[in-house]
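Visitor: Below: sequence and its predicted model.
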Amino acid sequence: MTIKNLSLEAHKKGIDLIGTGDCLNSGWLDEIKELNVIDEGTYEMNDTKFILTTEVEDSSRVHHLLIFPGLAQAEEFRKKVKSKSKNIDSDGRPNLRMNGFEIAQLAKDLDTIIGPCHAFTPWTAMYAYHDSLESCYGDMADHVSIIELGLSADTNLADRIAELERLTFLTNSDAHSPYPVRLAREFNRFEVEDITFDEIKKAILRQAGRGCVLNIGLPPQEGKYNESACIKCFTHYTLQQSVENKWKCTECGKRIKKGVRDRVEELADYAIPRHPSYRPEYIHIIPLAEIIMKALGHSSTSTKGVTQVWGKLIERFGNEVNILVDADIAEIRKVTDKRITRAIEAFRTNEIKIEPGGGGQYGKLVF
């Protein structure tokens with residue numbers, strides 16, 4: 001994982017703008033400083049744009065996403081929190097001896113965008129430890145403008161909670177690798193006039209005609225924590241069964257971890273989602289290499305058969321986003337196996353069947 005590799009691989013995925021992540025880490029900051037400066041908050045390498053982002057963990061283990069307006073603000077934030085962290089230079093996601101209110105207050109002082117990361121996951125997430133934005137951020141809750149849905153949640157789940165209506169939903173996920181099978185497993189499409197921090201900020205705040213016009217992410221059932229399940233043997237339980245068993249697995253005795261679906265059910269204000277007029281469409285997809293692997297029945301995304309098909313499709317259509325979201329299915333059908341075309345079409349129309357994940361185990365696609 002280097003800035004250079006990210007900048008090169010982004011084109012194959014079809015990503016124009018990447019959040020740097022980890023921008024409080026001194027080693028990563030050194031790489032960021034090698035980027036070309038477009039303006040105060042926007043950077044570039046190999047025609048890929050970057051804005052400054054990081055994830056921090058508060059004293060309650062809640063993770064927060066920060067999007068900085070520029071290097072000066074990121075370095076000032078780092079300076080302010082360095083004494084409150086033992087691992088700011090040894091971890092990409094520093095642990096801060098600060099609560100959500102204190103982090104949001106500092107973010108506001110530095111004109112920085114803030115919101116909870118993977119908000120519904122049962123580990124290190126806002127709704128794992130809090131029942132509301134106010135419980136997490138106190139009087140600074142109004143400064144929160146975004147919420148990251150996470151792999152196990154989507155718009156239909158989040159829009160059952162009334163307090164989230166005003167927020168812009170982000171479908172982002174940690175890259176874990178610069179290569180397209182992991183990079184931008186989930187991503188957003190923004191309506192902007194240019195690719196800059198200022199334009200992205202306007203889109204997040206839905207100002208001057210800008211906005212988020214598409215959320216793209218994994219089907220929530222494929223996430224590792226969609227349903228309540230044992231963290232060892234992955235036996236699934238309903239919420240009622242989990243409560244009756246005192247969150248202890250009857251098969252192996254280990255802990256049952258509450259799933260996102262059940263957590264939303266506890267928090268929900270509405271029986272069915274209520275989408276505000278500005279909420280964009282949500283398209284469920286998975287990385288192209290995984291679709292090819294599943295459709296062809298291969299055991300890995302790195303087999304020769306998968307990589308050959310992937311390369312042929314990229315050569316024909318330019319990048320993954322175009323293949324997964326935009327390209328005419330009839331054109332895709334002309335150049336690849338009908339099983340792959342059928343799988344892509346099934347994702348676009350939400351017709352895929354999934355055995356839900358839970359307890360830390362990903363869901364399984366059923367073709």
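Guide: Thanks, I have the structure now.
Visitor: Residue 348 - how many residues pack around it?
Guide: By other C-beta atoms under 10 Å, 15 other residues sit near residue 348. For every residue, glycine as well, the C-beta is placed using N, CA and C.
Visitor: so it sits right up against residue 282, yeah?
Guide: No: contact criterion C-beta atoms under 8 Å: residue 348 and residue 282 do not qualify, at 11.8 Å.
Visitor: Which secondary structure state is assigned to residue 147?
Guide: Secondary structure assignment for residue 147 (DSSP: H, G, I helix; E, B strand; the rest coil): strand.
Visitor: isn't it right next to residue 115, touching?
Guide: Yes: counting by C-beta under 8 Å, residue 147 does reach residue 115; the two are 5.1 Å apart.
Visitor: shared neighbours of the two, anything?
Guide: Counting by C-beta atoms under 8 Å, 6 or more residues apart in numbering, the shared contacts of residue 147 and residue 115 are 167, 170.
Visitor: Report the secondary structure state of residue 83.
Guide: Counting by three-state DSSP, the backbone at residue 83 sits in helix.
Visitor: number of nearby residues for it?
Guide: When neighbours are counted by other C-beta under 10 Å, residue 83 registers 9.
Visitor: Roughly how far does it sit from residue 94?
Guide: Distance of residue 83 to residue 94, given as C-beta to C-beta, to the nearest Å: 12 Å.
Visitor: got it, and residue 104?
Guide: From residue 104 across to residue 94, the span is 16 Å (C-beta to C-beta).
Visitor: which of those two has more neighbours?
Guide: The neighbour comparison of residue 104 against residue 94 (other C-beta under 10 Å) goes to residue 104, with 27 against 22.
Visitor: List the buried residues in the helix or strand where that one lies.
Guide: Using DSSP states H and E, residue 104 sits in helix 100-109. Neighbour counts over helix 100-109 (16 or more other C-beta atoms under 10 Å) mark 100, 101, 102, 103, 104, 105, 106, 107 as buried.
Visitor: Go through those and name the one nearest residue 67.
Guide: Comparing the buried residues of helix 100-109 against residue 67 with C-beta to C-beta places residue 107 closest, at 9.2 Å.
Visitor: ok now do that closest one, which residues does it touch?
Guide: Residue 107 makes contact with 66, 77, 113, 114, 143, according to C-beta under 8 Å, 6+ apart.
Visitor: How many residues are close by the second one?
Guide: Which is residue 77. Residue 77 has 23 neighbouring residues, counting by other C-beta under 10 Å.
Visitor: now do the third one
Guide: The number of residues packed around residue 113, counting by other C-beta under 10 Å, is 23.
Visitor: element containing the nearest residue in space to it that is not next to it in sequence, please.
Guide: Leaving aside its sequence neighbours, residue 113 sits nearest to residue 67 (C-beta to C-beta, 6 or more residues apart in numbering; 4.0 Å). Using DSSP H and E, residue 67 maps to strand 63-68.
Visitor: partners of that strand in the sheet?
Guide: Sheet pairing of strand 63-68 (DSSP bridges) gives strand 48-57 (antiparallel), strand 113-116 (antiparallel).
Visitor: what helix or strand does residue 72 sit in?
Guide: With DSSP H and E as the test, residue 72 turns up in helix 71-81.
Visitor: Could you list the buried residues of that helix?
Guide: In terms of neighbour count (16+ other C-beta under 10 Å), helix 71-81 has its buried residues at 71, 73, 74, 76, 77, 78, 81.
Visitor: got the angle for it vs strand 48-57?
Guide: Compare the direction of helix 71-81 with that of strand 48-57 by axes from the mean of the first three to the mean of the last three C-alpha atoms, to 10 degrees and you get 10 degrees.
Visitor: helices or strands up against helix 71-81?
Guide: helix 26-32, strand 48-57, strand 63-68, helix 100-109 (3 or more C-beta pairs under 8 Å, 6 or more residues apart in numbering; DSSP states H and E).
Visitor: tell me the angle that helix makes with helix 100-109.
Guide: Calculated by the same axes, to 10 degrees, helix 71-81 forms an angle of 150 degrees with helix 100-109.
Visitor: what's the offset of helix 71-81 from the middle of its chain?
Guide: Distance, stretch centre to chain centre, for helix 71-81: 24 Å (C-alpha atoms, centre = their mean, to the nearest Å).
Visitor: what residues does that helix touch?
Guide: Outside helix 71-81, the residues touching it (C-beta under 8 Å, 6+ apart) are 23-24, 29, 32-33, 40, 52, 54, 56, 66, 68, 88, 94, 96, 98, 106-107, 110-112.
Visitor: list the contacts for the closest residue to residue 46 other than its chain neighbours?
Guide: Nearest residue to residue 46, sequence neighbours excluded (C-beta to C-beta, 6+ apart): residue 7, at 4.1 Å. Shown in contact with residue 7 (C-beta under 8 Å, 6+ apart): 18, 45, 46, 47, 48, 50.
Visitor: Pull up the gap between residue 7 and residue 183, please.
Guide: Residue 7 is 11 Å from residue 183, where distance means C-beta to C-beta.
Visitor: How about residue 54?
Guide: Note on residue 54: its distance to residue 183, by C-beta to C-beta, is 18 Å.
Visitor: what do you get for residue 135?
Guide: Between residue 135 and residue 183 the distance is 34 Å, computed by C-beta to C-beta.
Visitor: for residue 157, same thing?
Guide: Residue 157 sits 25 Å away from residue 183, going by C-beta to C-beta.
Visitor: cool, residue 320 as well?
Guide: 9 Å.
Visitor: tell me the SS of the nearest residue to residue 360 once chain neighbours are set aside?
Guide: Once flanking residues are discounted, residue 360 sits nearest to residue 224: 5.2 Å by C-beta to C-beta, 6+ apart. Put simply, residue 224 is coil when judged by three-state DSSP.
Visitor: Many thanks, we can stop here.
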